[in-house]
Structure formats: structure tokens, C-alpha cells
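Student: need a 3D model of the following:
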Amino acid sequence: MKKDKKKEKNSFSKAKKPNVLQASRLKLWPLFLCVVALVVLGGYILTFESGFIFRAQELNLFLYTSLFFKQCMVVSGGFLTWLGSYFTQFFYHPWMGTLLLCVWWALLAFIVKRTFNIPDKWAVVLLIPIALLALTDFTLGYWLFYLKMRGHFFASTIGFTAAVAMIWLYRSMPTKYYLQPVTIFLCVLLLYPIIGFYSLLAALGMGIISWKIEGKTTSQRIIDSVIAILSIIAIPLFYYRYVFYETNIINIYWTGLPLFRIDKTYYQYYIPYYLLVTFVVVAAACYSKKRNKDVTKVMLWGLAQCGLLLVIAGLTYHFWYKDENYHKELVINRCAENLDWDGILNIARDTDEPTRMIWMLKNLALFRQGQQGDKMYHYKNGDKKCAAPFTVRMTQTGGKTLYLNYGQVNFCYRWCLEDGVEYGWRVDYYKFMLKCSLLNGELAVAQKYIDILKKTKYYKDWAMHYESYVKNPELIKKDKEFEPILHMMKADDVLASDNTLIEIYLLNIFANSDGDDPLYQEQTLLAALQMKDIQMFWPRFFHYAQLHQGQHMPIHYQEAAYLYGHLENQVDISHMPFDKEVVDSYNEFMSAAQQYGGMSEEQMKPLMYNRFGGTFYYEYFFTRNQKSY
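Tutor: Alright, predicted model coming up:
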């Protein structure tokens, strides 16, 4: 009898060993899954979005002053934007900002698991809010320039983490002494000024999960739900009426969320937020204190996990903003600031159909290298529309760089000022306004912006470098960035209306002026060339030749002169010393045009571009009606 019991005990212990091993493996599964997922996600961000997140911190501002904190706190959810701005500044080092973002997402996964008691075997569910929060950041595209909310990149993650943590606190409170309904009320009352919308989301989750907590009576559940609803409705109204006067009443329930509104509200950008709310509702409704931790059908469980993981990864990648030209614009803007003209040209060379901003910054790079007259048309010309559902203006995305470098410093300053008032002050605006003030000789104004930037973490040294220019203004003329700009400031720089069309405005300003400064005068010739205005071209061309006697005439200027001389015969070009390659390419171009004469223009364009794409001849006849913005 004893032997039978011993055998039974041994067999029982043997049967249990695999389950114990399986349970220990399951406990490690959430940690392993989250670590791998965050490493992959962080690596992807660093590889493909470094320019984007670096630009995000330039369009952010965090000042280490009490006044800045007070300014953030004048609206509900202000602390969230203050904290989000604090963390966003670390994108100055993309690896550091990405690491901090991933750490926040790891913390969120831990809190979600604890709050809703997610089983180890369904740990893949923890990746859903992380994927949605990643999409709130990396589906922005051109909204990066138009969002008025500070610290957006971290604000949504921090706010959602706080909301879930409050639900966990509520669930952990004893059911007696009405501690749980008091927790709901105090959560909204105390946290609404700090995290805005996310305190209301927490109250919603508490009201739902109250029906799933064991040991509560029906009356207790009803009381909790009613208090949650009343708190969500009444407390924002209370703060609107008696505390936060700067909040619009239509926004009181959404404070702490970005407003995707320009000419209208673009609701498609709120989809990740709708899904985050849905996640909280479903997770709270499915909450159970007791979970079956065993996996009886390993194969079926594995397939389900892999399937859900593939769906999450696939949808995240699908909706991720991946416009190539947009990312190139971000990089070349940074290249322009660093005076990396070769970097701009390398990107432009690798672009099949550029936006107008890429085209203009490429021209700026060539002009700074003294090669625009020889190589301007060696790059693809294009006017690809910006990938955004709203109208994008170059004044916000890169126009300030162009205005500054072409000597229109007052226009650069004007747009910084207007955008600062409209979208909020940012590091990028202060940097431009500082440079404009130095170039205009307004040293006291420049010192004001230096003092502001010295209160930042990463731009203090940058500002102190320019402080030496205030103390010794002669350094401005010797600066490698400012010296060419001073040549461009020969033009009238008065504030007129550019109608936000920077390219057209600059072309008209230069084409309708002239000067004896060789660098400035060449820009007037280039403007006339790009406008294809024959009457403007000839006086600029002859003046250029006079200022550069004994020097080789750039190829594109020769091509234009040779073409215009044959088109109108108003100027005798027979004695001009044209390069043989210019004459030969013109003759070949005209022969090819006759050869393809039976084709439509659209049929001819690719054939002619393959042979003559780098010439002014092709540009004059086949590039037209391009739209600027």
C-alpha cells in the first residue's frame, strides 16, 4: 500500500515538473518580448528617423526658468507639456532621446501588465499601446511644423502611462470606506490641471474596471461609475470657469492632446488616440484577478502570438510616415545650417523628383560653391507635392533658411516672429532671429536672444559663441556663414507681401535688380535665367561678362545666350567665344527635336532628357508650369 502511494507521489511530481518549467518560461516571455520589440523599434527610429527627431527638438523649447514653467501651467495639461518638452530636448542626441522614449514605453508595458493583469501567455498585447503611441509621433509628417502643442513626442506616452497607473492605484485601494470612489474624484480633481485629457481617461477606465473587481456590491459599482461620469463632465467645466481662462471651452475635454487643425480638423490623425481609449476600455472590461497561466495547447498559442505580433508590426509599419522627400528636406535643412553644401548636393543628386525646397536648397549649395552657373541643371528639376492632406508652405518648412542665406534677413525675422506667435516659440526661431539681428547690426536685440538660448541645455554654448560677435561686431564680417550673406544684402530688404511664395518672391527681387558686387550680380543673372526672361537676361549677362573679364563664362550662361541669340536674333552672338561643347549640344538638341517631331511633348521628354537633361536647352523647352509653395 505504501509502495503504491510512493509510486503515485513520484508520478505526480514527475507530471508537475514540465508545468513548473513551462510557467517559469512564461514569466520570462513578457520581458523577452518587450526587450526585443523595443530594441527593434529603437533601432528603426535611429536608422530612419534621426533627422526627424533631431528636427523635433529644434522645433521644441525648454527653458530652465521658473517663468517658463509658469507659462506652461496657464492651461490644463500644462505640466504634461512641460515634462514632454523637457524630454524632447534630449533628441539633440538622437540615441539619447530614443533611449528615453523606449524606457518610457518599457515602463508603460510593465504598468499595463500589472494594472489589467495581462497573462504572461498574452504578453504580445502589451505591444499594442506602444505601437499606437509610436504612431502618434511618427505619423506626423509636416504636422511637425504646425502643431502648437509643446513636447508632443513624450507627452502622449507620459500622459497615457499616468492614466493607466491611476487605474492601477484605484484597483489596489480597499473597497471599504468609499476609498475607491474618492480615488476617482481626487484623480480627476488633482490631475486634470496636470495631465488634462489623460485624467479623464483614467476615470473612464476606473468606472469600467469597477464592474470587474471582486468583492464589490452592485451599489458600490454604480456609485463608482456615476462618480466617474460626473467627474469627467463637471471637473473640466469647473476648471474652465474658475481657473484656466486661456482654454477654449470646445477644447476642455481634449487638453493635453495635439490639435490637428489648420483650415479644418483632420480627424484621421486622432485614430491612434481613439484606439488607445478603446484599448483601455477593452482591457478594463476584460480584467480578471484570476488568470489561467498554463498553456495547454502550445502550438495554437504560439500561432496566435505570432499572428497578433505580425498584425501589430505590419499595421505600425504601414501607417508609419515614410515620405522620402520629407526626410530629405529635414536632412538638407540641417546640412544648410552646418554649411555642409556637399551633403545637400549628394541628397539632391539622389532624388528622382524633388520638392521645390530641395531644388532651391540645392541651388543655394551650388551658389555657395560657385558652381550654380555650371551645374544647376545637372540635377533633376521637379515640383513634387508635399505628402500632406493640407497645404504646406515653405515659409514654415525651410523658407527661413533661404531668406537668411539670400540676404532677406527682415523677411526671415518676420516669419520667425509670426510663426512664434502662431505656433509657439521654438529654439529654431530664436536661432534665426539671433542671426538676423547680428546681420542687421541690432546687437542689443541679438543679446536678448542669446540670453534666452543660454537658458537651454544644448544651445547654451552655441549662443555664447555668438555673444563674442556682440562684443566684437567685426567678427560678423569674417564669419564664413555671414560673409556671403552680407553680399546678398545689397538688395532692398523691405517688408512687402511674399504671399508665402518664397521662390517666386526671391526670383523677382533679384531679376529686377542689378549691382556691382560680383556675387550679388551673379544672383541677378541666375534669377533672370530661371525665369526664362530674355529681356532681363541680356543686360545681366553683359554686366556679368564685364565684371568677370578674362574668366571662363559658366556653361549654362553660354547655353542661354546661344539659344536666345538664335531664337530672336536681337543680339549678335557671332563674335562671342562659345565653348565647342555648347555649340555642339545645341545643334544636337535641335536635330533631335526635328527627329522626334512627330511625337507629343510628353513622349519626347524622357527621350530628350536622357540626352540633354543637363542643359539649359532642355530646361527652356520642356520644364514649365512648375508649382511653388
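Student: past whichever helix or strand Leu28 is part of, which element shows up next along the chain?
Tutor: Using DSSP states H and E, the element containing Leu28 is helix 2-48. Once helix 2-48 ends, the next helix or strand along the chain (criterion: DSSP H and E) is helix 50-58.
Student: mind checking what helix or strand follows that following helix in sequence?
Tutor: Using DSSP H and E, the next helix or strand after helix 50-58 towards the C-terminus is helix 66-72.
Student: tell me the helices and strands packed up against the next helix or strand after that following helix.
Tutor: Going down the chain from helix 66-72, the next helix or strand is helix 78-88, by DSSP H and E. Judged by 3 or more C-beta pairs under 8 Å, 6 or more residues apart in numbering; DSSP states H and E, helix 78-88 is in contact with helix 66-72, helix 94-116, helix 152-172, helix 179-195. Where you see a C-beta, it was placed from the backbone N, CA and C, and this is true even at glycine.
Student: please repeat the previous calculation with a cut-off of 7 Å.
Tutor: helix 66-72, helix 152-172, helix 179-195 (3 or more C-beta pairs under 7 Å, 6 or more residues apart in numbering; DSSP states H and E).
Student: got the angle between that helix and helix 179-195?
Tutor: Helix 78-88 and helix 179-195 are oriented at 60 degrees to each other (axes from the mean of the first three to the mean of the last three C-alpha atoms, to 10 degrees).
Student: ok, residues contacting helix 78-88?
Tutor: Contact with helix 78-88 is made by 56-57, 60-62, 69, 72-73, 100, 149-155, 158-159, 194-196, 256, as judged by C-beta atoms under 7 Å, 6 or more residues apart in numbering.
Student: quick check: mean pLDDT across it?
Tutor: The average pLDDT for helix 78-88 rounds to 96.
Student: cool, stretch 496-510 as well?
Tutor: The average pLDDT within stretch 496-510 is 90.
Student: name the next helix or strand following the helix or strand containing His566 along the chain.
Tutor: If you go by DSSP H and E, His566 is part of helix 555-568. Once helix 555-568 ends, the next helix or strand along the chain (criterion: DSSP H and E) is helix 580-595.
Student: ok now that next one, how far from the chain's centre?
Tutor: Relative to its chain's centre, helix 580-595 lies at 45 Å (C-alpha atoms, centre = their mean, to the nearest Å).
Student: which strands or helices does the helix or strand just after it pack on?
Tutor: As assigned by DSSP H and E, the chain's next helix or strand after helix 580-595 is helix 601-612. Applying 3+ C-beta pairs under 7 Å, 6+ apart, one finds that helix 601-612 makes contact with helix 580-595, helix 616-622.
Student: any idea of the pLDDT on the most centrally placed residue in the chain?
Tutor: By C-alpha atoms, centre = their mean, the mean C-alpha position of the chain lies nearest to Leu144, the distance being 4.0 Å. Leu144 carries a pLDDT value of 96.
Student: so the closest residue in space to Gly614 that isn't next to it in sequence versus Glu619, what's the distance?
Tutor: Of all residues not flanking Gly614 in the chain, His378 sits nearest, at 4.5 Å (C-beta to C-beta, 6 or more residues apart in numbering). Remark: distance between His378 and Glu619 (C-beta to C-beta, to the nearest Å) = 11 Å.
Student: looking at those two, which has the bigger crowd around it?
Tutor: Shown here are His378 and Glu619; by other C-beta atoms under 10 Å, Glu619 has more neighbours (22 against 17).
Student: test my guess that the more buried one contacts Tyr377.
Tutor: Yes - contact criterion C-beta atoms under 7 Å: Glu619 and Tyr377 qualify, at 5.2 Å.
Student: shared neighbours of those two, anything?
Tutor: Joint contacts of Glu619 and Tyr377 (C-beta under 7 Å, 6+ apart) do not exist.
Student: Leu308 touches Val124, doesn't it?
Tutor: Yes - using C-beta under 7 Å, Leu308 is in contact with Val124, at 5.1 Å.
Student: more crowded one of those two?
Tutor: Higher neighbour count among Leu308 and Val124: Val124, with 22 against 15, using other C-beta under 10 Å.
Student: name the SS class of Ser468, please.
Tutor: Following DSSP: H, G, I helix; E, B strand; the rest coil, Ser468 is assigned to helix.
Student: any idea how far it is from Tyr449?
Tutor: 15 Å.
Student: what about these two, which has more around it?
Tutor: Neighbour tally, Ser468 and Tyr449, criterion other C-beta under 10 Å: the higher count belongs to Tyr449, 22 against 9.
Student: so what's the more buried one up against?
Tutor: Going by C-beta under 7 Å, 6+ apart, Tyr449 touches Tyr430, Met433, Leu434, Ser437.
Student: what's the closest non-adjacent residue to the second one?
Tutor: Think Met433. Spatial nearest neighbour of Met433, chain neighbours left out: Cys416 (5.0 Å); criterion: C-beta to C-beta, 6+ apart.
Student: tell me how many other residues crowd that neighbour.
Tutor: 25.
Student: so for it, what's the pLDDT?
Tutor: Note on Cys416: pLDDT of 97.
Student: now do the same contact list for it.
Tutor: Lys400, Tyr429, Phe432, Met433.
Student: now do 8 Å
Tutor: Cys416 makes contact with Lys400, Tyr429, Tyr430, Phe432, Met433, Cys436, according to C-beta atoms under 8 Å, 6 or more residues apart in numbering.
Student: quick one: it from Met488, how far?
Tutor: For Cys416, the distance to Met488 (C-beta to C-beta) stands at 18 Å.
Student: could you find the closest non-adjacent residue to Trp415?
Tutor: Trp415 sits nearest to Thr395 (C-beta to C-beta, 6+ apart), 5.1 Å away.
Student: which residues touch stretch 608-619?
Tutor: For stretch 608-619, the external contacting residues (C-beta under 8 Å, 6+ apart) are 377-378, 380-381, 529, 556, 559-560, 563, 585-586, 588-589, 592-593, 596, 622.
Student: could you redo the last one with a cut-off of 6 Å?
Tutor: Tyr377, His378, His556, Glu559, Ala560, Ser585, Phe589 (C-beta atoms under 6 Å, 6 or more residues apart in numbering).
Student: quick one, what contacts the last one?
Tutor: Pointing back at Phe589 there. If a contact means C-beta under 6 Å, 6+ apart, then Phe589 has Phe612, Tyr617 as its contacts.
Student: per-residue pLDDT, it?
Tutor: You'll see Phe589 listed with a pLDDT of 94.
Student: just the third one next, same as before
Tutor: Taken from the predicted model, the pLDDT recorded for His556 is 97.
Student: distance of it relative to Phe160?
Tutor: Distance of His556 to Phe160, given as C-beta to C-beta: 55 Å.
Student: more neighbours: which of the two?
Tutor: Using other C-beta under 10 Å as the criterion, His556 and Phe160 rank with Phe160 on top: 29 against 24.
Student: now the helices for the stretch 251-400 of the chain?
Tutor: Counting by DSSP state H, counting those that start in this stretch, the stretch 251-400 of the chain has helices at residues 271-285, 298-319, 324-337, 341-349, 356-368, 372-375, 394-397, 399-405.
Student: as TSV, these with distance to Ile130 and mean pLDDT would be great.
Tutor: Shown next, in TSV, are the helices of the stretch 251-400 of the chain (distance: least, C-beta to C-beta, whole Å; pLDDT from 0 to 100):
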stretch	distance to Ile130	mean pLDDT
helix 271-285	11	97
helix 298-319	9	87
helix 324-337	23	96
helix 341-349	32	96
helix 356-368	33	96
helix 372-375	46	96
helix 394-397	29	94
helix 399-405	35	96
